[in-house]
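Visitor: Sequence and predicted structure are below.
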Amino acid sequence: MTSLIAKHLSLGLAVFLLGLPVTTTRAQWLPPNPEPEPEPPPPELCAGGPAIQDPFYAPLWSCDQGQIDDMWSQFELDADDWASFGFSDPCNYNMPLGRLFDSLQLMAHASVDPPACSGGPDNILAWSYCWAAGHIQITTNCFADPDREAEGARILDDDVELFASFFDDSVVGRASVIMHEARHVEGGCGHSDDFDSIFVGPGGGCLRGASCDGAYHDGCSGFFSSSGKGANAYQVDFLIDFVAHSRPDWTTPDIRLHAALLANSLLETAFYSDPCFRFEISGNTVGGIVRPLTSQCEIPPLTGCEGFPPDMLPPNCIGPGIPRQ
């Protein structure tokens, strides 16, 4: 053993004295590509903002495995899509998948009415989960082009692709976006300005700049689209019914106020023709539906009384579906 060590020491000394190049095995540890592809940004960039309402909603469903299995199946989630975004930690609401799950659970369980699967004029909250699952599958692209950072989602066939800003929204806001996107798919409903760049309704232009519907009750545009309410109106209706029909244990006064403010923002900015109703909000208290004091709403419309609970009718309505003449 001693002679073997001495032999190696002698060899090393000879190499040093003669100035011969020294080779090592370090080269085999280098990556085969001398210019490796850069690593993707860390997944927390896709849910970098604080979790809004998730700390309230996550304990309500307690990461139930049966609920996870149902969401995974109903919305055709794919492990490859979510591998970097919470697949191994699905109930961590600081990750995108956990935040998606909280919003889907709100859709599934927040209604005071029993869940249903068919759409209708009464309480969209009760049928939102099953109805949306029947029309869309959900994927994500958190490494999207920066130009899409302002977008919450987009449609690719019947896939709803979610972007970073979606996951920084509130639980209620995310749920309403899912309803919005499902209406795009279900009815072939595009926004009016997607199909007619010169579209101008009685209320003037699109105050939020893009993705506006022509009118609240008739905003479904496209070459082969259905008629009736468009994606923005479905989103508003979801928020209205959340305020009016959510279970007491699945909401708080602050969350109801947040939903009402979201609905009012859409009503003010997402339609070419002002729908002419808003939630009445006094301080932190949400009231009923009132007519806003705008020049476009001086003359009450003669239609548009369907879809409201009796205690939240717009002021131009005598009863559900019965306009005041």
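Guide: Here it is on my side, so go on. Residues are numbered from 1 along each chain as shown.
Visitor: can we go C-alpha only for contacts and neighbour counts from here?
Guide: OK.
Visitor: Who are the contact partners of Cys130?
Guide: Cys130 makes contact with Ala108, Ala116, Cys117, Ser118 under the criterion CA atoms under 8 Å, 6 or more residues apart in numbering.
Visitor: between these, which is closest to Pro248?
Guide: Ala108 (14.8 Å; CA to CA).
Visitor: Quick check: closest non-adjacent residue to the closest one.
Guide: If you skip the residues right next to it in sequence, Ala108 has Tyr129 as its closest partner in space, 5.1 Å away by CA to CA, 6 or more residues apart in numbering.
Visitor: Okay, that neighbour and Ala58: tell me how far apart.
Guide: Between Tyr129 and Ala58 the computed distance is 17 Å (CA to CA, to the nearest Å).
Visitor: who's in contact with Arg247?
Guide: With contact taken as CA under 8 Å, 6+ apart, Arg247 is in contact with Ala110, Ser111, Val112.
Visitor: wait, is Phe279 part of a strand?
Guide: Yes - according to DSSP: H, G, I helix; E, B strand; the rest coil, the state of Phe279 is that of a strand.
Visitor: could we number from 511 for the rest of this?
Guide: New numbering, starting at 511: the last item is Phe789.
Visitor: close enough to count as contact, it and Ala770?
Guide: Yes - here Phe789 reaches Ala770: they are 6.3 Å apart, a contact under CA atoms under 8 Å.
Visitor: before we move on, the earlier item: more neighbours: Tyr639 and Ala568, which one.
Guide: When Tyr639 and Ala568 are compared on other CA atoms under 10 Å, the one with more neighbours turns out to be Tyr639, at 26 against 21.
Visitor: What are the phi and psi values at that one?
Guide: For Tyr639, the backbone dihedrals are phi -70, psi -50 (criterion: degrees, to the nearest 10).
Visitor: if I look at it, how far off is Glu696?
Guide: Tyr639 sits 14 Å away from Glu696, going by CA to CA.
Visitor: Regarding His690, what is its secondary structure?
Guide: helix.
Visitor: residues in contact with it?
Guide: Ala741, Asn742, Tyr744, Gln745.
Visitor: again, only this time at 10 Å
Guide: 642, 663, 684, 699, 740-748 (CA atoms under 10 Å, 6 or more residues apart in numbering).
Visitor: Show me which of these has the smallest pLDDT value.
Guide: Comparing pLDDT over the contacts of His690 singles out Ala663 as the least confident position, at 73.
Visitor: looking at it, that one is touching Glu671, isn't it?
Guide: Yes - applying CA atoms under 10 Å, one finds Ala663 in contact with Glu671, separated by 5.4 Å.
Visitor: Looking at those two now, which is surrounded by more residues?
Guide: Neighbours per residue, other CA under 10 Å: of Ala663 and Glu671, the larger number sits with Ala663, 25 against 18.
Visitor: Apart from its neighbours in sequence, what residue is nearest that one?
Guide: Per CA to CA, 6+ apart, closest to Ala663 is Leu672, 4.4 Å.
Visitor: Neighbours of the one you found, how many?
Guide: Other residues lying near Leu672 total 23 when counted by other CA under 10 Å.
Visitor: One more: the one 10 residues further on?
Guide: Burial of Val682, expressed as a neighbour count using other CA under 10 Å, amounts to 25.
Visitor: Surely it and Leu767 touch.
Guide: No - taking CA under 10 Å as the definition, Val682 is not a contact partner of Leu767, at 11.0 Å.
Visitor: low-confidence ranges in the stretch 711-835 of the chain?
Guide: In the prediction, the stretch 711-835 of the chain carries residues with pLDDT under 70 at positions 711-714, 733-734, 803-806, 808-835.
Visitor: give me that answer again for 50
Guide: 711-713, 809-813, 830-835 (pLDDT under 50).
Visitor: Can you show me the helices along it?
Guide: Counting by DSSP state H, counting those that start in this stretch, one finds helices in the stretch 711-835 of the chain at the ranges 741-755, 763-779.
Visitor: tilt between the shortest one and helix 763-779?
Guide: For helix 741-755 against helix 763-779, the angle between stretch directions is 150 degrees (axes from the mean of the first three to the mean of the last three CA atoms, to 10 degrees).
Visitor: which phi and psi does Leu672 have?
Guide: According to degrees, to the nearest 10, the main-chain angles of Leu672 amount to phi -100, psi 140.
Visitor: Roughly how far does it sit from Ala741?
Guide: From Leu672 over to Ala741 the distance is 16 Å, taken as CA to CA.
Visitor: same thing with Ser598?
Guide: Applying CA to CA, one obtains 33 Å for the distance of Ser598 from Ala741.
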